[in-house]
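Asker: Here's my sequence, what's the structure:
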Amino acid sequence: MSRTRQLDEAVAELVGDGDVVALEGFTHLIPVAAGHEIIRQRRRDLTLCRMTPDVVYDQLIGAGCASKLVFSWGGNPGVGSLHRFRDAIQRSWPVPLEIEEHSHAGMANRYVAGASGLPFAVLRGYTGTDLPKHTDSIKTVSCPFTGEELAAVSALNPDVGIIHAQQADKQGNVQMWGITGVQKETVLAAKRSLVTVEETVDELVPRPGGVVLPKWAVTAVAEVPGGARPSYAQGYYERDNDYYQQWDLISRDREKFQQWLDTEILDAERSPR
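Answerer: Numbers count the residues shown, from 1 in each chain. Here you go, the predicted model:
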């Protein structure tokens, strides 16, 4: 069975209301087009997970898609705050937003545990912070060999893991290169996965530092050129720094945000990617 889908078909098939959804990408290869399609399909009550939620998560939250955010840092990188995120936390607009906060190391280890089929991960971390008091997925355990007290975090197994990559072949094998965060772990930990790619090629050519996801690990692949913009895709296009600056002005004001949402995302005349 072919794993190739159109983006709108893949989102309709894989993402449902109430799902736990992780759209991962670390500064690079952020699956922005997939996030916009989730908004366009008006998904609701999502638990959004990501190590570094930035502009696309601000947009998802402002569009009313999310009821909870599981994360380890949030902001408009190089610019400042996520104003739609802040509005949801401080004023419950457009809907209340619950948060579950971790460290980067904690989130990464949660994905690794999920990808490894383990119930939790163990790390040195969270010492001296209040996060364990407020986050049920952080506990302490004693090492059975040394007696050392360590932090334990529960495995993270999203219903849907979504990433962007440079290439896929016609069988559904995927390759990405450059800065990669926890994209591989997200796909392997998730119950279902969607990978948007810059292009489909006849055969994947090994790249230095390349990460290959075999077809058996991927539920669906959608060819979406430019699908990471305004972030960048190494070898294809650079980061659009102006976009991040412009987003700060748009997102500060509910009326400006709603106008952006209507014209750029929800416009019925806009063709889906």
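Asker: okay, CA-based contacts and neighbour counts for the rest of this
Answerer: Fine.
Asker: Sort out which residues of stretch 97-104 are buried, please.
Answerer: Residues of stretch 97-104 classed as buried by neighbour count (16 or more other Cα atoms under 10 Å): 97, 99, 101-102.
Asker: Equivalent analysis for stretch 10-29, please.
Answerer: Across stretch 10-29, burial judged by 16+ other Cα under 10 Å covers 10-11, 14-16, 18-29.
Asker: Which ones among these lie within strands?
Answerer: Those of these mapping onto strands are 20-23, per DSSP state E.
Asker: Can you list the low-confidence ranges for the stretch 1-150 of the chain?
Answerer: The model of the stretch 1-150 of the chain has pLDDT under 70 over residues 1.
Asker: Just the strands from it, written as ranges.
Answerer: Secondary structure of the stretch 1-150 of the chain (DSSP state E, counting those that start in this stretch): strands at 20-23, 46-50, 66-71, 98-101, 120-123, 138-142, 149-154.
Asker: which one of those strands is the most hemmed in?
Answerer: Mean neighbours per residue, mean count of other Cα atoms under 10 Å, is largest over the strands of the stretch 1-150 of the chain for strand 20-23, with a mean of 26.
Asker: residues in contact with that one?
Answerer: Strand 20-23 is contacted by residues 15, 30-31, 35, 46-50, 158-163, 186 when judged by Cα atoms under 8 Å, 6 or more residues apart in numbering.
Asker: Counting neighbours, what do you get for T146?
Answerer: Counted with other Cα atoms under 10 Å, the neighbours of T146 add up to 7.
Asker: what about it, distance to K139?
Answerer: 18 Å (Cα to Cα, to the nearest Å).
Asker: got the angle between the biggest helix by length in the chain and strand 138-142?
Answerer: In the chain, assigned by DSSP state H, the helix with the most residues is helix 104-116. For helix 104-116 against strand 138-142, the angle by axes from the mean of the first three to the mean of the last three Cα atoms, to 10 degrees is 80 degrees.
Asker: returning to that earlier point: would CSV of the strands of the stretch 1-150 of the chain with distance to Y237 be doable?
Answerer: Output for these, formatted as CSV (distance: least, Cα to Cα, whole Å):
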stretch, distance to Y237
strand 20-23, 20
strand 46-50, 23
strand 66-71, 27
strand 98-101, 32
strand 120-123, 36
strand 138-142, 39
strand 149-154, 36
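Asker: G210 is nearest to which of those?
Answerer: Among the strands of the stretch 1-150 of the chain, the nearest to G210 by Cα to Cα is strand 20-23 (19.9 Å).
Asker: Tell me the strands beside that closest one, with direction?
Answerer: Strand 20-23 sits in its sheet next to strand 46-50 (parallel), strand 160-169 (parallel), going by DSSP bridges.
Asker: For A152, find the nearest of these.
Answerer: The nearest among the strands paired with strand 20-23, by Cα to Cα, is strand 46-50 at 18.4 Å.
Asker: now what about the closest one, what contacts it?
Answerer: For strand 46-50, contacts defined as Cα under 8 Å, 6+ apart pick out 17-24, 65-72.
Asker: One more pass at 10 Å, please.
Answerer: The contact list for strand 46-50 (Cα atoms under 10 Å, 6 or more residues apart in numbering) reads 15-26, 57, 60-61, 64-74, 97-100, 104, 107-108, 156, 158-161, 182, 186.
Asker: Same check on stretch 242-251?
Answerer: Stretch 242-251 has contacts (Cα under 10 Å, 6+ apart) with 54-55, 58-59, 62, 76-85, 87, 229-231, 256-260.
Asker: Just the ones of those residues in helices?
Answerer: Under the assignment DSSP H, the contacts of stretch 242-251 contribute 55, 58-59, 62, 83-85, 87, 256-260 to helices.
Asker: Could I get the residues you listed in TSV, plus columns for neighbour count?
Answerer: Listed next are the ones in helices among the contacts of stretch 242-251 as TSV, based on neighbours: other Cα atoms under 10 Å:
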residue	neighbour count
V55	26
D58	24
Q59	24
G62	26
H83	25
R84	27
F85	26
D87	22
K256	13
F257	20
Q258	16
Q259	13
W260	17
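Asker: For N241, give me its contacts.
Answerer: Residues near N241 by Cα under 10 Å, 6+ apart: 77-79, 230-232.
Asker: got a markdown table for the strands paired with strand 20-23, with distance to D240 too?
Answerer: Supplementary listing: the strands paired with strand 20-23 in a markdown table, determined by distance: least, Cα to Cα, whole Å:
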| stretch | distance to D240 |
| --- | --- |
| strand 46-50 | 21 |
| strand 160-169 | 17 |
